[in-house]
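# This is the structure alone, sequence omitted:
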């Protein structure tokens, strides 16, 4: 239709043309979209940059890279110059299809034609070269691009450092940092933190200490984020004494640990069964005016419950209820499972009853099922029936078939007599159909 209108010297509706181009591109009909784009431009229309970028992206997905570059070349002539997304799309597509050298030559050519030296595009190009060809080649290309007036910034270098650190290629990381220094630049906090995160992951503690000494001698001393990285890394490797030392050092340098710091440490202490220390830190937080979050309380409650220290667990729970925040489903699940593991099923039932009496609180069905299963194991079927009643009363719409599923689960686990008894008693209560 657009073609017919053009042959009859009728100017097509440009907004409609744009919708057609986008729609056809979305369904991979780039050949049709190309014709409408051409007719639109020939009749004086100027597609917007979003439409161009969508169309170029469609061509790239179909591996029509030469056609995509041709469209880019014609954009400025049509009155719509390409933007960063246009260049990034083509460069990424070239690397996706193994045309590494072509991508570099493409960017050089665009710079020579007057394209602004976009740092984002530059960074993407160098990052892709690092990934596909290597750091040495990336550094060579950086020198070549400098001749074209395109230079890296710290974001570029930090991106390269991040890539090499993730792989543990510290020789390449060293080359990158040396190149950074040769350009008169200095690593910033992001650079150091990236290095420290990687070194902690691989357990390179001597190198960690060297970088910390160096940081303290520069204008980029350790920050709260730095200490969190160190404490997290040490905790993951079970080095809690050193982690606590860093916490003390952090406070002595007037850095205020955040809730991430404490949550990391508390999780590690609970994992290593250092319960007294975990509870002490939690109390210290409250006394110092910190507000432990829901996650903080759940970490400690879960750790205590798994080890069977239910008396201390309930003390922490009571403090949580008194001071806030409000317990959630995770809190209750940890408590109920802890009671069941410790064979304190009576306390678990009491907790469920207390939760049910508060309409604002709701606990998932799997917790009820877990308790019912444990009660049947202990041959306390009457108590199991009571829990089923609590479950049904806690739901405004409870399907009777769910009771059948509960009984079937008990039966399938080998407790046939208990399942039969439970079924009979639920029938008497008119809870089983």
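Sure thing, it's come through. From a predicted model like this one, the values you see are computed outputs, not experimental measurements.
# Would you mark the buried spots in stretch 207-214?
Residues 207-208, 211-212 are the ones in stretch 207-214 that count as buried (16 or more other C-beta atoms under 10 Å). Every residue, glycine included, has its C-beta placed from N, CA and C.
# And those residues, which is closest to residue 33?
Of all those, residue 33 sits closest to residue 211, with 52.6 Å by C-beta to C-beta.
# Need the residues that contact the helix or strand harbouring the closest one.
Assigned by DSSP states H and E, residue 211 belongs to helix 205-216. The contact list for helix 205-216 (C-beta atoms under 8 Å, 6 or more residues apart in numbering) reads 170, 192, 195-196, 199-200, 221-222, 226, 230, 233.
# do that again at 7 Å, thanks
The set of residues external to helix 205-216 that reach it, using C-beta atoms under 7 Å, 6 or more residues apart in numbering, is 192, 195-196, 199-200, 221-222.
# Give me the next element, helix or strand, following that helix.
Using DSSP H and E, the helix or strand that follows helix 205-216 in sequence is helix 224-236.
# Just list what that next one packs against, helices and strands only.
helix 189-201, helix 240-252, helix 259-271 (3 or more C-beta pairs under 7 Å, 6 or more residues apart in numbering; DSSP states H and E).
# how far off helix 240-252 does that helix point, in degrees?
If you take axes from the mean of the first three to the mean of the last three C-alpha atoms, to 10 degrees, helix 224-236 sits at 160 degrees to helix 240-252.
# quick one: buried residues of helix 224-236?
Under the neighbour-count criterion of 16+ other C-beta under 10 Å, helix 224-236 has 225-236 buried.
# if I look at the most centrally placed residue in the chain, how far off is residue 299?
With distances taken as C-alpha atoms, centre = their mean, residue 260 lies nearest the centre of the chain, 15.3 Å away. Look at residue 260 and residue 299: by C-beta to C-beta, to the nearest Å, they are 12 Å apart.
# again with residue 42
Applying C-beta to C-beta to residue 42 and residue 299 gives a distance of 66 Å.
# which of the two has more neighbours?
More neighbours surround residue 299 than the other of residue 42 and residue 299, with 25 against 10 (other C-beta atoms under 10 Å).
# with the contacts of helix 205-216 in mind, which one is nearest to residue 88?
Distance ranking of the contacts of helix 205-216 against residue 88, using C-beta to C-beta, places residue 195 first at 27.2 Å.
# Show the pLDDT at the closest one.
The model reports residue 195 with a pLDDT of 96.
# check contacts around residue 149.
111, 117 are the contacts of residue 149 under C-beta under 7 Å, 6+ apart.
# Checking it next. Helix, strand or coil?
Look at residue 149: counting by DSSP: H, G, I helix; E, B strand; the rest coil, its state is coil.
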